[in-house]
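quick one, fold the following:
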Amino acid sequence: EQMIDWKGPFISGISIAVILFLSSGAQLVTRRLPLHWCGTFGLLALALCCGLLLLNLDQKSPWILATGLLITAFGHGMTLLSGINMVGRIAQPHNHAGLLSTYLVLGYIGSMLPVLGVGWIADHWGLHLAVSIFCYGVIALAVLTAMMFFRHPHMQKVS
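Numbering: from 1, shown residues only. The predicted structure follows:
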């Protein structure tokens with residue numbers, strides 16, 4: 001409610017629904033993209049959407065929010081597709097199931113803990129600071145990880 005002038009749970013609910021729906025579409029569209037490009041573009045898209053979220057803290061624009069949602073959806077889809085393919089390339093037959101399960105569990109925990117942290121910071125020091133810390137952290141991690149992903153030898157090889 002503090003980020004755009006619209007109120008109510010409908011906005012957050014529809015935002016998540018749009019992200020997840022378009023994320024699946026992004027996976028279909030980008031499935032033939034070389035893995036190192038797909039992962040790199042996906043991570044950079046997540047960094048960009050966090051930059052737009054920071055901008056929207058001040059602008060309170062539904063258009064910036066909508067653009068950010070589209071970029072988030074593509075970033076989410078591309079990184080999810082790339083991450084699962086990365087596990088497939090790195091895992092050996094004897095540990096494939098365990099490595100994939102570990103990847104998914106850590107992914108879910110890694111997506112929940114920061115949200116809980118942002119909520120706690122927002123309750124104690126305000127939404128602007130909480131979202132700013134989160135976004136700057138994601139931007140830094142996404143850009144660094146994009147560079148590492150692109151250069152990783154297992155991501156470069158043709159499958």
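
helix, strand or coil: sort out whatever residue is furthest in space from the centre of the chain for me.
Within the chain, the residue lying farthest from the chain centre (C-alpha atoms, centre = their mean) is residue 94, at 29.6 Å. At residue 94, secondary structure determined by DSSP: H, G, I helix; E, B strand; the rest coil is coil.

what's the answer for residue 33, then?
Residue 33 - assigned by three-state DSSP - is coil.

count of neighbours near it?
16 (other C-beta atoms under 10 Å). All C-beta spots, glycine's among them, are computed from the backbone N, C-alpha and C.

distance check, it against residue 69.
As judged by C-beta to C-beta, to the nearest Å, residue 33 and residue 69 stand 21 Å apart.

please apply the same query to residue 125.
Taking C-beta to C-beta, one finds residue 125 at 26 Å from residue 69.

likewise residue 135?
Counting by C-beta to C-beta, the gap from residue 135 to residue 69 is 15 Å.

what of residue 11?
From residue 11 to residue 69 the distance is 10 Å (C-beta to C-beta).

quick one, which of these two is more surrounded?
Neighbour count, other C-beta under 10 Å: between residue 11 and residue 69, residue 69 has more, with 19 against 14.

dump the residue contacts of residue 91.
Taking C-beta atoms under 8 Å, 6 or more residues apart in numbering, we find residue 91 in contact with 99, 100.
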